[in-house]
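Participant: Quick one, structure for this:
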Amino acid sequence: MINSSRDISMNMKLKTLIPALAASLIALAASPVHATGYPDKPITIVVPFPAGSTSDMIPRLLGPLMSKSLGVPVVVENRGGANGSIGAMRVASSAPDGYTLLMATTGVLAINQWIYEKPTYFPEKDFAPIVNAASTPNMIVVNPSVKASTLKELVALAKAEPGKLSFASAGNGSTSHICGEALKVLEGVDIVHIPYQGPAPALQDVLGDRVSMICDNLSNVVQQVRGGTLKPIVVTAKTPSPQLPDVPASPQAGSPDLEAGIWYGFVAPAATPKEIVEKLNKAFVDALRDPQVTSRLESLGLTVIADKPDAFKAFIAQESARMQNIVKQSRARIP
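Facilitator: Numbers count the residues shown, from 1 in each chain. The predicted structure is shown next:
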């Protein structure tokens, strides 16, 4: 009887332990992939803007090098709309396994949550920062038909004919939008905002003289300025750009508080394992520091940053607070 009791007790313990062990194994199998087995399938980088802009060019430039170092294809997917919100939501709702990433700009990570009355995502909650890739200041450029060559002349023209001049932007909430709104507030001018679905179509209408000006990032307009198809007014930064040293910065142009620029980073869905984020960071940094990549980016007016995830996280928080203040001052809101 003693042996039978022991057997019964053992069987009862096994019946309790086996389901618990099975549940643990299932949970382990379902848990996110760790860096030791990552990656083993293609990685998709979602660009939340149409093709043809700097935000599209950067991941396409880095992709082949990352594919080589990681051993899997790196695919770029354009998912534009709502100043990057549509693409951002596509990534925020993806599995946190390191296979769906987001090319994220200032607008996506620091502006949208403040300018939209009903934001669809919250950067600090929905994303895991990987790397801040590069940055560039914005620059106000006008169609050559505009009878102004300096900021003072442009302001005087706008004041002489309120509502006649217009400025294009890459979309509501983009840095080109915020820059134009800041110009209106700081200089007390009435210029009409015309938003587009991305910087490329906005720039085309400025080139085609359908819109007077744009305050776009320098890397998007530097070639047109050098070619004479756009007229530079001011670099919206504290110092001139090495790529266009003859174009005055905001303090030199008489508007020291007119400051706008854009940075380009990469993030993953929140809860992506730290070891995967670190592996991706290394792949991005190595690609960004490739001499040919660095040279190409710098030729377009970009400064390579290539920082660590924690540094990028702190930077996003800092920029978000700054943009919240600018949006509040300009009273720019999107229903």
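
Participant: CA only for contacts and neighbour counts going forward, please
Facilitator: Noted.

Participant: Help me confirm that residue 63 comes into contact with residue 77.
Facilitator: No. Assessed by Cα atoms under 8 Å, residue 63 is found out of contact with residue 77, at 11.6 Å.

Participant: Check which helices and strands the lengthiest strand in the chain sits against.
Facilitator: Assignment by DSSP state E gives strand 127-142 as the longest strand of the chain. In terms of contacts (3 or more Cα pairs under 8 Å, 6 or more residues apart in numbering; DSSP states H and E), strand 127-142 is packed against strand 213-217, helix 218-227, strand 231-235, strand 261-269, helix 274-288, strand 303-304, helix 309-330.

Participant: Go through these and name the closest to residue 100.
Facilitator: Of all the helices and strands packed on strand 127-142, it is strand 261-269 that lies closest to residue 100, at 6.8 Å by Cα to Cα.

Participant: relative orientation of the closest one and strand 231-235 in degrees?
Facilitator: Computed by axes from the mean of the first three to the mean of the last three Cα atoms, to 10 degrees, the angle separating strand 261-269 from strand 231-235 equals 70 degrees.

Participant: Name every strand pairing with strand 261-269 and say which way it goes.
Facilitator: Note on strand 261-269: by DSSP bridges, its sheet partners are strand 100-105 (antiparallel), strand 127-142 (antiparallel).

Participant: now the next helix or strand after the longest one: how far from the chain's centre is it?
Facilitator: If I follow you right, that is strand 127-142. Using DSSP states H and E, the next helix or strand after strand 127-142 towards the C-terminus is helix 151-160. Distance of helix 151-160 from its chain centroid, counting by Cα atoms, centre = their mean, to the nearest Å, is 32 Å.

Participant: Can I get helix 151-160 as CSV, trimmed to CA atoms?
Facilitator: What follows is helix 151-160, C-alpha atoms only, in CSV (Å, rounded to 0.1, in the frame of the first residue of the first chain):
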residue,chain,number,x,y,z
LEU,A,151,14.9,87.2,-46.2
LYS,A,152,14.2,90.9,-45.7
GLU,A,153,13.1,91.3,-49.3
LEU,A,154,10.9,88.2,-49.0
VAL,A,155,9.3,89.5,-45.8
ALA,A,156,8.8,92.9,-47.4
LEU,A,157,7.1,91.4,-50.5
ALA,A,158,4.8,89.3,-48.3
LYS,A,159,3.8,92.3,-46.3
ALA,A,160,3.2,94.4,-49.4
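
Participant: can you pull the contacts of residue 89?
Facilitator: By Cα atoms under 8 Å, 6 or more residues apart in numbering, the contact list for residue 89 reads 120, 121.

Participant: mind checking the SS state of it?
Facilitator: With DSSP: H, G, I helix; E, B strand; the rest coil as the basis, residue 89 sits in helix.

Participant: Model confidence at it, what's the number?
Facilitator: Predicted confidence (pLDDT) for residue 89: 97.
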